[in-house]
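Asker: for reference, the sequence and a predicted model appear below.
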Amino acid sequence: MKTAWAFMLSVCSCVSLAEVKVFYTPPVQASSPAKSVQTQPLKPVAKLEEVKPLPAPSELAAIEPLLGIEPVKPWQKAVLAQPAMKPAGRLPSVAKFNQKVFSSKENTRGGTGIGGGGCGCN
Amino acid sequence: MVAINTCFGRLRSRDLSRDLSRGLTLLLVLLLLLHSVWVGAGEWSYHALYYAEGDDRVTVEDHVASVKHSFGVDYDLKMDVGYDAISGASPTLQSNTPVLTQQDAEARQQKVAEADKQTDKLILAYDPNGDYKKRNVELEDIRRSINVSLLMRDEQRNETTLGASYSKEEDYTSSSASASRLWWADRRKNRSYSAGVSVIYNESYVFSDGYADQYIDNNLMWDAELGVNQVLSDKAHVSLSAYINHDIGYLSNHYQTIVRGIDLDNNQRIERSEWLLAAEQRPDSRTGGGIGALHVWQWQSGITSQLNYRYFDDDWGIASHTLNWALDIPISQQLTLLPVARLYQQQAAFFYRDADSDDKVFNARQYGSSDQRLGDYHAWHAQLGAQWRPVQHWQIDSSLALYQQSNDFSAWWLMLGASYTY
């Protein structure tokens, strides 16, 4: 009995692990003329949330050259993505330690909070 | 009895299933974390700082362990825990005439009691010669801190960051929360706008009756900042920001002392024998703000320059300019040198008087502080850092900094650390 169960189990495992192939057999053409069947339009399974695209390039593109701004494409941002180009630099922990000392020995508050956009690679 | 046993049995089985469920949840969370670590990207790091002030004043040993993990491309979690050990001495005004007899001590206490009747300010001591000099008062403290932040990106890659932090010292506790948002202005992500707000709640022990008694006081510090970042070219970008802050509550430093002149004999004149040692008192609110600019540019040689300017002004009369210039100089594939130069200039608060000057005496009612940090001075800071990447994934960081203020305060600090990226 145990052997039979083991055999069944191994067969089931093999079936479940085996590649499943689906064969499509076209329906046999009937000799009678084809009937027109009204079909329902396909309904989407789930409504995808529409994301409003951002302007590309920028809305201020006309005046950007006057401000010395060059249009930069995403694939030209290898340098901008480097750690050295980030506002806190290559060693953010050093910048943090320095800031700790300056804020305890000087009486200026704020102005170090928000990092810039940088490359926008993520 | 059977019923009771059954009841206990059910309870036990309920406890067991609850424990099992907790265990499974914990296991699931651990597996998820392991999975995230396995498939995600991030960094582990540990940095240690040794800080020492000139004239054998304060020394600090600071240790920070950090972890940063990216869950896919939509979530970045950062956490760091810190441990600082502060020891040494801090200069404050003290009576320079030693107490010789019990009678002398009682006479001084009598003067303090008389002064207390004429002012609501905290009077600490009396020197019959009016001789108050700055002396180093010993201090020792341990600070433990934790910071957590979570960055989330939406479909348009706009970023929302939520943060919280907590730190505790023997006589000071600080808790903070922050939220910031970054919006991209164009599809190429060449310009972004940012806005952020943070609030800090601090509690500190304050002397209430001479040095004899203490109570807990608190303050609330609000910060808000707006910024814009613009990519200028494929090797340069600039950030501009404007910020405001508002502090309310107990903003004085209870270790700092001043000299107050109180007309003890009511002759409408303050003589030297009427000078008393008092606790400093700053206004209970402070509103400030300023602007900042950061220009980051990589030159043709591969050297990156970061030039940063900040202006600050507040209703205490403090105005400051900060100019910071940092370079990133790649020496080889493994080694990068990081020199930094910084200049700072500050204008004094309206209630500040230098403890060493002849004009150091405050009256019985006005705000007053002789804390050098509220004074008029400029400072320079020079630093040389290095990052060495001996093998893939590992980096060793080091940095040595010197700091000097025009009021003779000086300090240096050395930082060493290592990071592993995965």
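Answerer: Received, thanks.
Asker: which residues does residue B:257 bridge with?
Answerer: Under DSSP bridges, the beta-bridge partners of residue B:257 are residue B:279.
Asker: got it, and residue B:71?
Answerer: Residues in a beta bridge with residue B:71, per DSSP bridges, are residue B:75.
Asker: does it really touch residue B:40, like I thought?
Answerer: Yes: Residue B:71 is within contact range of residue B:40, at 5.6 Å (criterion: CB atoms under 8 Å). Yep, even glycine has a C-beta here, placed from its N, CA and C like the rest.
Asker: burial count for residue B:380?
Answerer: By other CB atoms under 10 Å in any protein chain shown, the residues close to residue B:380 number 13.
Asker: and for the one 3 residues further on?
Answerer: A count of nearby residues for residue B:383, using other CB under 10 Å, gives 20.
Asker: what sits against it?
Answerer: Neighbour list for residue B:383: A:94, A:98, B:338, B:339, B:340, B:341, B:342, B:399, B:400, B:401, B:402 [criterion: CB atoms under 8 Å, 6 or more residues apart in numbering or on different chains].
Asker: and the third one, what does it touch?
Answerer: Taking CB under 8 Å, 6+ apart, we find residue B:338 in contact with A:89-91, A:94, B:326-329, B:383-387, B:399.
Asker: equivalent analysis for the last one, please.
Answerer: Going by CB under 8 Å, 6+ apart, residue B:402 touches B:381, B:382, B:383, B:410, B:411, B:412.
Asker: tell me the mean pLDDT for the helix or strand containing it?
Answerer: Residue B:402 belongs to strand B:394-405 when elements are defined using DSSP states H and E. For strand B:394-405, mean pLDDT rounds to 97.
Asker: now list the buried members of the contacts of residue B:383.
Answerer: Those of those that meet the buried threshold are A:94, A:98, B:338, B:340, B:342, B:399, B:401, by 16 or more other CB atoms under 10 Å in any protein chain shown.
Asker: hang on, the first one in a helix?
Answerer: Yes: under the criterion used here (DSSP: H, G, I helix; E, B strand; the rest coil), residue A:94 sits inside a helix.
Asker: mind checking how far it is from residue B:343?
Answerer: As judged by CB to CB, to the nearest Å, residue A:94 and residue B:343 stand 18 Å apart.
Asker: any idea which helix or strand in the chain has the lowest mean pLDDT?
Answerer: No chain was given, so I picked chain A. Ranked by mean pLDDT, DSSP states H and E, the weakest helix or strand in chain A is helix A:2-17, scoring a mean of 51.
Asker: quick one: the helices in the stretch 101-250 of chain B, in order.
Answerer: Here the stretch 101-250 of chain B has its helices, by DSSP state H, counting those that start in this stretch, at B:102-118.
Asker: quick check: residues of it near chain A?
Answerer: Contact residues (CB under 8 Å from any CB of the partner chain) of the stretch 101-250 of chain B with chain A: B:153, B:155-157, B:178, B:180, B:182, B:184-192, B:194-196, B:198, B:221, B:223, B:225-227, B:229-235, B:237, B:239, B:241, B:243-245, B:247.
Asker: can I have the buried ones of those as a PyMOL selection?
Answerer: Selection command for PyMOL covering only the buried members of those, criterion 16+ other CB under 10 Å:
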select buried, chain B and resi 153+157+178+180+182+184+185+186+188+189+190+191+192+194+196+198+221+223+225+227+229+230+231+232+233+234+235+237+239+241+243+244+245+247
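Asker: picking that back up, could the contacts of residue B:383 go into CSV alongside distance to residue B:281?
Answerer: Below are the contacts of residue B:383 laid out as CSV (distance: CB to CB, whole Å):
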residue, distance to residue B:281
A:94, 36
A:98, 31
B:338, 42
B:339, 42
B:340, 37
B:341, 37
B:342, 31
B:399, 38
B:400, 39
B:401, 33
B:402, 34
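Asker: thought residue B:411 was touching residue B:52?
Answerer: Yes: Residue B:411 is in contact with residue B:52 according to CB under 8 Å; the separation is 6.6 Å.
Asker: residues near residue B:327, how many?
Answerer: Counted with other CB under 10 Å, residue B:327 comes out at 18.
Asker: now it, nearest residue through space, not along the chain?
Answerer: Among residues not flanking residue B:327 along the chain, residue B:339 sits closest, at 5.2 Å (CB to CB, 6 or more residues apart in numbering or on different chains).
Asker: the host helix or strand of that neighbour - what's its average pLDDT?
Answerer: In this assignment (DSSP H and E), residue B:339 forms part of strand B:335-346. Mean pLDDT, strand B:335-346: 97.
Asker: same question, stretch B:89-104
Answerer: Mean predicted confidence for stretch B:89-104 is 89.
Asker: straight-line length of that stretch, end to end?
Answerer: By CA to CA, to the nearest Å, the extent of stretch B:89-104 from end to end equals 28 Å.
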